[in-house]
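S.K.: Pasting the sequence and the predicted coordinates here, then a few questions.
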Amino acid sequence: MTGLDLITDVLVVGGGPAATWAALKSAQAGAEVVLADKGYCGTSGATASAGTGVWYVPPDPAAREAAMASREKLGGYLDDRRWKARVLDQTYAGMNEPAEPGRYPFPTGPDGTQLRNGVQGPEYMRRMCIRVQRLRRPADISPARRRPHRPRRGRS
C-alpha cells in the first residue's frame with residue numbers, strides 16, 4: 001500500500017463494536033471521521049464472529065439497584081456505584097438505538113417485548129457498518145480495500 005495523506009477530525013482505529021460506535025457517534029456530531037482497520041469494517045473483534053451479552057436494565061431504581069448489587073461480589077466490592085450507574089444509563093440508551101433506527105432484530109419474550117440483553121455479532125456488526133457508511137462522513141480505510149472507501153453520494 002502506498003502512502004496516504006488524510007486530514008480528519010477523528011481517527012478511529014479498529015472495526016469492531018467500540019470502533020464502529022466511536023465512528024458513528026463522532027460523525028453524527030459533525031466530525032470528519034477516518035475508520036482504519038486491518039480488515040473490513042465489522043470484521044474485527046470477537047463480536048464480529050460470535051455475540052456479546054449486554055448489561056441492559058430499564059431505568060427503574062429498584063431494578064438498577066438489584067443489578068448493581070448483583071455485580072458487587074464479582075468485583076470484590078471494589079467498584080464505584082456512580083460508574084456502574086453511568087454504564088447502565090449508557091448501555092440502556094445504546095441498546096435502544098440499534099433497535100429503533102438500526103432495526104436490529106432482537107428476540108422477543110413471551111409477552112412480545114424485545115429482549116435487549118445481547119446481540120448476535122455478525123448481524124449486529126453488519127448493521128452497524130451500514131449505519132456508519134450511510135453517514136457519508138467516515139472513510140473506511142483498510143488494507144483489504146487498499147484505498148479509502150466512501151459510499152457514493154446521494155445515499156442516505
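M.R.: Arrived safely, thanks for sending.
S.K.: Stretch 121-141: how far from the chain's middle?
M.R.: Its chain's C-alpha centre and that of stretch 121-141 lie 10 Å apart, by CA atoms, centre = their mean, to the nearest Å.
S.K.: Repeat that for stretch 51-70.
M.R.: With CA atoms, centre = their mean, you get 19 Å for stretch 51-70.
S.K.: Tell me the span between the first and last residue of it.
M.R.: For stretch 51-70, the first-to-last residue distance is 23 Å (CA to CA, to the nearest Å).
S.K.: Give the buried residues for that stretch.
M.R.: 56-57, 64, 67-68 (16 or more other CB atoms under 10 Å). Glycine gets a C-beta too; all of them are placed from N, C-alpha and C.
S.K.: cool, stretch 22-32 as well?
M.R.: 22-24, 26-27.
S.K.: quick one: which of the buried residues of stretch 51-70 is nearest to residue 135?
M.R.: Residue 135 lies nearest to residue 56 out of the buried residues of stretch 51-70, by CB to CB, at 25.0 Å.
S.K.: So what touches the lengthiest helix in the chain?
M.R.: Longest helix in the chain by number of residues (criterion: DSSP state H): helix 81-99. Applying CB atoms under 8 Å, 6 or more residues apart in numbering, the external contacts of helix 81-99 come out as 21, 54-59, 64, 67-68, 71, 104, 106, 114, 116, 119, 124, 127-128.
S.K.: In helices, which of those appear?
M.R.: 21, 64, 67-68, 71, 124, 127-128.
S.K.: Could you dump these into JSON lines with distance to residue 78 and pLDDT added?
M.R.: Shown next, in JSON lines, are the ones in helices among the contacts of helix 81-99 (distance: CB to CB, whole Å; pLDDT from 0 to 100):
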{"residue": "21", "distance to residue 78": "27", "pLDDT": "86"}
{"residue": "64", "distance to residue 78": "20", "pLDDT": "95"}
{"residue": "67", "distance to residue 78": "17", "pLDDT": "92"}
{"residue": "68", "distance to residue 78": "13", "pLDDT": "92"}
{"residue": "71", "distance to residue 78": "11", "pLDDT": "87"}
{"residue": "124", "distance to residue 78": "31", "pLDDT": "85"}
{"residue": "127", "distance to residue 78": "36", "pLDDT": "85"}
{"residue": "128", "distance to residue 78": "32", "pLDDT": "83"}
